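>>> Here is my input; please provide its structure:
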Amino acid sequence: MSALAEPTRLQIVELLRAKPRAVGEIVERLGLRQPQVSKHLRVLSEAGLVEVRPVAQQRIYSLRSEPLKELDVWPERYRRIAEDRFGRLENILRDQKEKGDKRRGNKNE
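Below is the predicted model of the structure:
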């Protein structure tokens, strides 16, 4: 996730989401210099998010789907925990409201 936290790297991932691209095309699309893009691609590659394959004199980068699937699963675990906690909070609030309603009902009698 730290590799994706940097905005330029996230832009690169978005570009690669559409299709594999050569470094030169990424440079052109982002308006950055080639060494900057290469550095970001190296970080993404070391994080396992992209893979590279040489084609003639070019290097073509593409996204690896496995790590992105793992990123999709990770928040699901926390979503379940949060939903459980919100469910318990909802029950507590409902109980408190019912107790308050009963107290107000006794005062009106």
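>>> Could you say which helix or strand holds residue 103?
Assigned by DSSP states H and E, residue 103 belongs to helix 65-108.
>>> Now do that helix: distance to the chain's middle.
23 Å (C-alpha atoms, centre = their mean, to the nearest Å).
>>> And stretch 11-19, by the same measure?
Relative to its chain's centre, stretch 11-19 lies at 14 Å (C-alpha atoms, centre = their mean).
>>> Same check on stretch 44-61?
Centre-to-centre, stretch 44-61 and its host chain are 21 Å apart (C-alpha atoms, centre = their mean).
>>> So which bits of that stretch are buried?
By neighbour count with 16 or more other C-beta atoms under 10 Å, stretch 44-61 contains the buried residues 44, 49-50, 60-61. C-beta: built from backbone N, CA, C; applies to glycine.
>>> Can you flag which of those belong to strands?
50, 60-61 (DSSP state E).
>>> need those residues in JSON lines with distance to residue 16 and pLDDT, can you?
Formatted as JSON lines, these follow (distance: C-beta to C-beta, whole Å; pLDDT from 0 to 100):
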{"residue": "50", "distance to residue 16": "6", "pLDDT": "92"}
{"residue": "60", "distance to residue 16": "10", "pLDDT": "94"}
{"residue": "61", "distance to residue 16": "6", "pLDDT": "94"}
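>>> Closest one to residue 102 out of the residues you listed, please.
Set against residue 102, the nearest of these by C-beta to C-beta is residue 50 (61.1 Å).
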